[in-house]
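Student: Requesting a structural model of the entry that follows:
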Amino acid sequence: MDKRKELYISLPKTSASELMGKQSVRATFRLSSDAIRIMSIVSAHMGIKQKSLFDHLAEDENTLQKIAAEIREKEILEKERIPKTFVLSRRTLASLEETSRNCNAPRDALVEYSIMRLRPLLSKEREKHRHRCKLLEKSHVWLRAGEKILDESEKSLGKEDPFHIRLEKALDSFRNAHRRMTAFVEKGEAVEDGK
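Tutor: Residues are numbered from 1 along each chain as shown. Predicted structure coming up:
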């Protein structure tokens, strides 16, 4: 039997229109500074590309139709708007435009309301960030205590003692972990600052 036939894996059928729908396009929306900030913070803090986040928020037409039903144009018009260009998939842009047309809702308002759905997530992340800060402070106390024990070990046992060597390795591991935790918490300051 031919080995090439054994290794053949069939791929799901993909149409050209499906592939075209995944193409990236740029679109500019007029949004509140609050919506722009929320999008930026959630994207940066969670390590999700803004395009992926945007596509997740605005690709589903059923959700967009529900949002369109809730839009209060007066609120939208009262807020100061800033033009902001996003990269999104062609499919997401088509969903936005179709929903805007079918529901007679401003496209910018659909985007604004879609982004505002991230607020509860941002609130949860803020709460987690506060807990991380407290835990980091406790871990710092633990690190200082470990350094005191290591000093005591060196004085009483010497640098070449197997116990001291193992303790030093354990403390080095914790120092590295503590540096990474500190960096993560510092990165998370954007969540706290972006009130």
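Student: residue nearest the centroid of the protein?
Tutor: Nearest residue to the geometric centre of the chain (CA atoms, centre = their mean): M46, 2.3 Å.
Student: count of neighbours near F54?
Tutor: For F54, the neighbour count with other CB atoms under 10 Å is 25. Every C-beta, even on glycine, is put in place using the N, C-alpha and C of the backbone.
Student: Actually, R179.
Tutor: Neighbours of R179 using other CB under 10 Å come to 10.
Student: hang on, G188 packs against R130?
Tutor: No: between G188 and R130 there is no contact under CB atoms under 8 Å: 9.7 Å.
Student: could you say which helix or strand contains the nearest residue to the residue nearest to the centre of the chain once chain neighbours are set aside?
Tutor: Closest residue to M46 apart from its sequence neighbours, by CB to CB, 6 or more residues apart in numbering: E125 at 7.7 Å. Element membership of E125 [criterion: DSSP states H and E] is helix 119-157.
Student: got a pLDDT number for S123?
Tutor: pLDDT for S123: 87.
Student: Check L93 too.
Tutor: In this model, L93 carries a pLDDT of 91.
Student: that's a strand at it, yeah?
Tutor: No: judged by DSSP: H, G, I helix; E, B strand; the rest coil, L93 forms no part of a strand; its state is helix.
Student: contacting residues around it?
Tutor: Neighbour list for L93: 25, 27 [criterion: CB atoms under 8 Å, 6 or more residues apart in numbering].
Student: quick one: stretch 182-195 to chain centroid distance?
Tutor: A distance of 12 Å separates the centroid of the chain from that of stretch 182-195, by CA atoms, centre = their mean, to the nearest Å.
Student: so how many other residues sit close to the nearest residue to L157 once chain neighbours are set aside?
Tutor: The shortest distance from L157 to any non-neighbouring residue, by CB to CB, 6+ apart, is to H164 (4.8 Å). Residues lying near H164 (other CB under 10 Å) number 18.
Student: Report pLDDT for H164.
Tutor: Looking at H164, its pLDDT is 95.
Student: Touching, it and E154? I think so.
Tutor: Yes: H164 lies in contact with E154 (CB under 8 Å); the separation is 5.9 Å.
Student: quick revisit: who's in contact with the residue nearest to L157?
Tutor: Contacts of H164 (CB under 8 Å, 6+ apart): 150, 153-154, 157-158.
Student: Now with 10 Å, please.
Tutor: 150, 152-158 (CB atoms under 10 Å, 6 or more residues apart in numbering).
Student: Quick check on the residues you listed: which are buried?
Tutor: Among those, those buried by neighbour count (16 or more other CB atoms under 10 Å) are 150, 153.
Student: okay if I get the contacts of H164 as JSON lines plus pLDDT and distance to P83?
Tutor: JSON lines is the format used below for these (pLDDT from 0 to 100; distance: CB to CB, whole Å):
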{"residue": "L150", "pLDDT": "96", "distance to P83": "57"}
{"residue": "E152", "pLDDT": "97", "distance to P83": "62"}
{"residue": "S153", "pLDDT": "96", "distance to P83": "62"}
{"residue": "E154", "pLDDT": "95", "distance to P83": "62"}
{"residue": "K155", "pLDDT": "96", "distance to P83": "65"}
{"residue": "S156", "pLDDT": "96", "distance to P83": "67"}
{"residue": "L157", "pLDDT": "95", "distance to P83": "67"}
{"residue": "G158", "pLDDT": "95", "distance to P83": "68"}
